[in-house]
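Q: mind looking at a prediction? Sequence and model below.
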Amino acid sequence: MSAIEGRLFAAGMPVAALMEKVAQAIFKRVIALYPHPRVRRIGVLVGPGHNGGDALVVARELHFAGYEVLIYRPLSKGKELTGQHGEYVASLGVKFHDQIEPLLDCDLIVDGLFGFGLERSISGEIAEGINRLNAQSQPVISIDLPSGLHTDTGAVLGTAIQANHTLCLGLWKLGLFQDQALAYVGKAELIDFDIPLADIQAVLGDRHPIHRITSTVAIAHLPLPRPQLTHKYKEGHLLAICGSQRYMGAALLCGLGAKASGVGMLTIAVPNSLKPYMSQQLADALVVGCPETASGAIAHLPDSIDLSSFGAIACGCGLTLDGMGVVQAVLESDRPLILDADGLNALAQLGTIPTLCQRQAFTLLTPHPGEFKRLFPPDQDESEDLVRAVRRASEQTGAVVMLKQARTAIGYPDGSVWINPESTPALARGGSGDVLTGLSSGLIAQAIARKIPVEPLVQTAVWWHAQAAISAALARTELGVDAVTLSEFLLQVLPQFTRSGN
Ligand SMILES: NC(=O)C1=CN([C@@H]2O[C@H](COP(=O)(O)OP(=O)(O)OC[C@H]3O[C@@H](n4cnc5c(N)ncnc54)[C@H](O)[C@@H]3O)[C@@H](O)[C@H]2O)[C@@H](O)CC1
Ligand SMILES: Nc1ncnc2c1ncn2[C@@H]1O[C@H](COP(=O)(O)OP(=O)(O)O)[C@@H](O)[C@H]1O
Ligand SMILES: [K+]
């Protein structure tokens, strides 16, 4: 961002003019969110850099709009432009304080302490001020990012403002989408200030991009509408290898997720003793019983199964490590493969990178952070954030890596990363991941049958899963989204997004 900004200034855009433009846009958003006189007293936190400069311009406009404005400016020295704005705002009679206390009873706080220029941990009186403010209950709007967060990693440097709204300027800052920033960011919005595309490309062009998954992108890749002239095998044939006597439910949940994907044919391979249960629960799947180990895991696939007849294979939900033989068999096959849970644990034991480097076909790994660390032990660089780690994992293995967390990130072998910015903690519940594995695999099988690109369907699956959970949580609260319910909402939620329902 600072390199892009530098190009605008070098091209002749005056720094002060850009600050004015950006801050006017922030001001408009602040008064739309908190109109006068519903809100009367606004406290503005002003730092020494241009984040503070933005905040002072906003403070000036709020003053003229009739709000009572109080300023907290803990550091009197700062950048020249920020200092000039400070002088003018003070000349208007707005009161400046170097202590936070006078601002504590404001109706709203606007945070312009630090933006992307934060270069070391916040400590001392400023840290104490932020902590005092965080203990209060009034809403906080942060300019660019909550002061104290690292722009890229989202790490808290010392302490950080807990915002209700973050008005991110110009381009999305990666830190806002990292799990460790979630408790600080609140609702994030982008404030556009017309950065020329050529300048963005000049700076980011040869780097690997990071994208947000949007509804538009996710829907565009759904295998919809179906052609009139089709039949079940043309709409994908998925083999899901899952379950054990110990984890029967995982197999069912994977099956329910696959069923919701609309896949043409679903075959589920489970240990023999699970066959009656699965057949009863999932009338629309073809259930295949497999020879089982003494512990009730799949010992191997029956001879009747010909892997080459399936478009894609999902393997791992509820398998246990006793089912490791079957994981090895599917890894050696030439079929597109989705590995989850014990499929991933088995892969880690076999050696993640050498094993995957042998594979030619598409592979998707869907680890949660614990499984991810087993698959890809952290390297020396302990500061590496999970978004960068997911990119490295995908580049090293050639697999697509879906790191499941509060804000799931998908790494692709070309270095691009897609982050799902909207989800709900209602998903923090056993079985949510099994449903997602089934859903992703069913979509992938359909893409393969249709001969459309497979990779984007991983984004679609993550988005669909999260939207179903959001919709289920609205209907039933965050406590009401068990995995079976989630799979039912997968079936219900799409028509809200696709106008025609097909
Ligand atoms: N120049 C402009 O007109 C524009 C400004 N923008 C704003 O400018 C911000 C970036 O401005 P700056 O580069 O000035 O950076 P910041 O305003 O984020 O802060 C940098 C200042 O804080 C000091 N500092 C850093 N860490 C500190 C710490 N831990 N304790 C105490 N002081 C510390 C630095 O010495 C420097 O003076 C963006 O976040 C954004 O808000 C952008 O919106 C784009 C347009
Ligand atoms: N706090 C959260 N916010 C949003 N999604 C979450 C949160 N916690 C977990 N999830 C999602 O729930 C799912 C959990 O999957 P996983 O850990 O594999 O569980 P299980 O194996 O029990 O199904 C993932 O899709 C993950 O992204
Ligand atoms: K800020």
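A: Looks like it came in fine. Predicted model, so just to flag it, every value in this text is computed and none were measured. Ligands and ions are numbered 1, 2, ... in the order given.
Q: and stretch 125-142, what's buried?
A: 126-127, 129-131, 133, 136, 138-142 (16 or more other Cβ atoms under 10 Å). The way it works is simple: take the backbone N, C-alpha and C, and place the C-beta from them, glycine included.
Q: among those, which lie within helices?
A: 126-127, 129-131, 133 (DSSP state H).
Q: could you list the low-pLDDT ranges of the stretch 301-450 of the chain?
A: 380-383 (pLDDT under 70).
Q: which residues of it lie near ligand 2?
A: Within the stretch 301-450 of the chain, the positions adjacent to ligand 2 are 341, 368, 404-406, 408, 423-425, 427-428, 430-434, 436 by Cβ under 6 Å from any ligand atom.
Q: thinking again about what came up before, ok, of the ones in helices among the buried residues of stretch 125-142, which one's closest to Val390?
A: Nearest to Val390 among those, counting by Cβ to Cβ, is Ile130 at 30.4 Å.
Q: quick one, what contacts that closest one?
A: Going by Cβ atoms under 8 Å, 6 or more residues apart in numbering, Ile130 touches 113, 122, 147-148, 159-161.
Q: which among those residues gets closest to ligand 3?
A: Ser147 (4.1 Å; Cβ to the ion).
Q: mind checking the SS state of the closest residue to Met324 other than its chain neighbours?
A: When the adjacent residues along the chain are set aside, Met324 lies closest to Ala346, with 4.4 Å between them (Cβ to Cβ, 6 or more residues apart in numbering). Under DSSP: H, G, I helix; E, B strand; the rest coil, Ala346 falls in the helix class.
Q: how about the contacts made by Ala346?
A: 316, 319, 321, 323-324, 327-328.
Q: and the strands in the stretch 1-150 of the chain?
A: Listed in chain order, the strands of the stretch 1-150 of the chain (DSSP state E, counting those that start in this stretch) span 41-46, 68-72, 95-97, 108-112, 140-143.
Q: for ligand 3, what is the nearest residue in the stretch 351-500 of the chain?
A: For the stretch 351-500 of the chain, Cβ to the ion, closest residue to ligand 3: Pro421, 19.1 Å.
Q: can you spell out which residues form a bridge with the closest residue to that residue other than its chain neighbours?
A: Using Cβ to Cβ, 6+ apart and skipping residues adjacent in sequence, the residue nearest Pro421 is Arg212, 4.9 Å away. Under DSSP bridges, the beta-bridge partners of Arg212 are Ile419.
Q: isn't Arg212 up against Leu174?
A: No - contact status for Arg212 versus Leu174: not in contact, 10.3 Å apart, counting by Cβ atoms under 8 Å.
Q: and the residue in the stretch 201-350 of the chain that ligand 2 sits nearest to, how far from Thr437?
A: Proximity of the stretch 201-350 of the chain to ligand 2 (Cβ to the nearest ligand atom) peaks at Ala341, 5.7 Å away. The gap separating Ala341 from Thr437 is 8 Å, by Cβ to Cβ, to the nearest Å.
Q: these two: who's more crowded?
A: Thr437 (31 against 24; other Cβ atoms under 10 Å).
Q: mind listing what the more buried one touches?
A: 254, 257, 314, 316-317, 338, 340-341, 366.
Q: stretch 188-203: end-to-end distance?
A: 24 Å (Cα to Cα, to the nearest Å).
Q: mind listing what's buried along it?
A: So for stretch 188-203, counting by 16+ other Cβ under 10 Å, buried means 188, 191, 193, 195, 199, 203.
Q: just to revisit the earlier point, which among the contacts of Thr437 end up buried?
A: Neighbour-count burial (16+ other Cβ under 10 Å) applied to the contacts of Thr437 gives 254, 257, 314, 316-317, 338, 340-341, 366.
Q: just these: which are in strands?
A: Cross-referencing those against strands under DSSP state E gives 314, 338.
Q: run a quick neighbour tally on Met1.
A: 18.
Q: relative to Phe116, how far out is it?
A: 6 Å.
Q: mutual contacts of those two, please.
A: 151, 173.
Q: residue of the stretch 401-502 of the chain nearest ligand 2, please.
A: Closest point on the stretch 401-502 of the chain to ligand 2, by Cβ to the nearest ligand atom, is Gly433, at 2.1 Å.
Q: ok, for that residue, nearest residue in space, not its chain neighbours?
A: Nearest residue to Gly433, sequence neighbours excluded (Cβ to Cβ, 6+ apart): Lys404, at 5.9 Å.
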